[in-house]
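Enquirer: Pasting the sequence and the predicted model now:
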Amino acid sequence: EVHLVESGGGLVQAGGSLRLSCATSGFTFHDYAIGWFRQAPGKEREGVSCISNTEGESFYVDSVKGRFTISSDNAKNTVYLQMNRLKPEDTAIYYCAAPCDGLGYWGRGTQVTVSP
């Protein structure tokens, strides 16, 4: 059975940092590109970042470039999202998904709230 479990969310002041983790099991981790998505209240879900475990490439939505860093630990089957210089507009539920097109497996999400 496939599991993706997000953790690391919380409440932080603007300018602060959080590191999200996505622990996975039940599929061949290194064969997948794994991504982070987010959904803010009243808005559509958007892709934030994606990392290809086979090619070592990573991608970011423009709004987080230079602030967020995605990484992958193949030994732990875990993907991380380091979020620095957080802004109130980053407030959302953050989900991880495999693969990055969002048509496969999803976690249940972790709430990130950034106060002004």
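Expert: Great, that's in hand. Source: prediction; values computed, not measured.

Enquirer: you'd agree Cys22 is up against Leu4?
Expert: Yes. Here Cys22 reaches Leu4: they are 5.7 Å apart, a contact under Cβ atoms under 8 Å. For the C-beta atoms, the positions are set from N, CA and C on the backbone; glycine is no exception.

Enquirer: So what sits opposite the residue positioned nearest the centre of the chain in the bridge?
Expert: Nearest to the mean C-alpha position of the chain, by Cα atoms, centre = their mean, lies Trp36 at 3.0 Å. Counting by DSSP bridges, Trp36 forms beta bridges with Ser49, Cys96.

Enquirer: got a list of what it touches?
Expert: Residues near Trp36 by Cβ atoms under 8 Å, 6 or more residues apart in numbering: 20, 22, 47-50, 70, 79, 81, 94-97.

Enquirer: swap in Val5?
Expert: Cys22, Ala23, Thr24, Gly107, Arg108.

Enquirer: Please tell me how far the fourth one sits from Gly8.
Expert: What that stands for is Gly107. Using Cβ to Cβ, to the nearest Å, Gly107 is found at 12 Å from Gly8.

Enquirer: ok, now Gly47?
Expert: 19 Å.

Enquirer: same thing with Ser71?
Expert: From Ser71 to Gly8 the distance is 13 Å (Cβ to Cβ).

Enquirer: Give me the more crowded residue out of those two.
Expert: Gly8 (16 against 13; other Cβ atoms under 10 Å).

Enquirer: Surely that one and Arg19 touch.
Expert: Yes. Using Cβ under 8 Å, Gly8 is in contact with Arg19, at 5.4 Å.

Enquirer: Which secondary structure element is home to Phe59?
Expert: strand 58-60 (DSSP states H and E).

Enquirer: Can you give the contact residues for that strand?
Expert: Identification of contacts with strand 58-60 by Cβ under 8 Å, 6+ apart yields Val48, Ser49, Cys50, Ile51, Ser52, Phe68, Ile70, Cys100.
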